[in-house]
Structure formats: C-alpha cells, structure tokens
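Colleague: coordinates only, sequence not included:
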C-alpha cells in the first residue's frame, strides 16, 4: 500500500515507544526503519485513527501485536475488544 498524500502515522519501536509521524507511506517506512535500526528494536507502523489525530494521544492498545486479530492475541487492559 503506497499512499502518496501526507498521512499521520503511528510508529512503535520496541525499547523506545510510540510517536506520530506525518508523511506518505514511503517516508513513514523510511522513518520506521531508521528508528528501529537506531534503537536496535522491532518497529511497526500504522495509520493513526481520527481519535488519535484529534486528541494527539496514541491509543496504546492498538499497538499490541495482532490487535483485533482472531482468538490468538488480545489485550488484558480491559479497554480492548477481545
């Protein structure tokens, strides 16, 4: 999926945390790679949802591996849908 328009992304890197990034999908992927390499951790990116963009607060539950997946993984914070 290559998005040419500027979007707001959430980049999550193990050992560092999450941050917003504004750019297209190629720029976001370059930043994800750079930060993951710098921190020597795994990095993932996803588009920020409207609530995150409006509040400026990253929903940490959406950063869990396989969030919203089938019965394999779920969050125990009681805010997520199992």
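Modeller: Happy to help now that I have it. Note that the coordinates shown come from a computational prediction; the quantities given were computed from them, not determined experimentally.
Colleague: when you work out contacts or count neighbours from here on, use the C-alpha atoms and nothing else.
Modeller: Fine.
Colleague: what's next to stretch 39-59, contact-wise?
Modeller: For stretch 39-59, the external contacting residues (Cα atoms under 8 Å, 6 or more residues apart in numbering) are 7-16, 18-20, 28-29, 32-33, 35-36.
Colleague: that stretch: end-to-end distance?
Modeller: Start-to-end span of stretch 39-59 (Cα to Cα, to the nearest Å) is 22 Å.
Colleague: what distance separates that stretch from the centre of its chain?
Modeller: 4 Å (Cα atoms, centre = their mean, to the nearest Å).
Colleague: ok, back up a step: out of the contacts of stretch 39-59, which end up buried?
Modeller: 8-13, 18, 20, 28-29, 32-33, 35-36 (16 or more other Cα atoms under 10 Å).
Colleague: show me where the protein has strands.
Modeller: In the chain, strands defined by DSSP state E lie at 7-13, 17-23, 43-47, listed in chain order.
Colleague: any idea of the angle the longest helix anywhere in the chain forms with strand 43-47?
Modeller: Of all segments of type helix in the chain, defined using DSSP state H, the longest is helix 25-39. Helix 25-39 and strand 43-47 are oriented at 150 degrees to each other (axes from the mean of the first three to the mean of the last three Cα atoms, to 10 degrees).
Colleague: quick one: mean pLDDT for helix 25-39?
Modeller: Per-region confidence: helix 25-39 scores 95 on mean pLDDT.
Colleague: what's the answer for stretch 5-16, then?
Modeller: Per-residue scores along stretch 5-16 average to 91.
Colleague: now do that stretch: distance to the chain's middle.
Modeller: Taking mean C-alpha positions (Cα atoms, centre = their mean), stretch 5-16 and its chain are 5 Å apart.
Colleague: could you list the residues in contact with it?
Modeller: Contacts of stretch 5-16 (Cα under 8 Å, 6+ apart): 18-25, 28, 32, 35-36, 39, 41-48, 53, 58, 63.
Colleague: endpoint to endpoint, stretch 12-30 covers what distance?
Modeller: Start-to-end, stretch 12-30 (Cα to Cα) is 13 Å.
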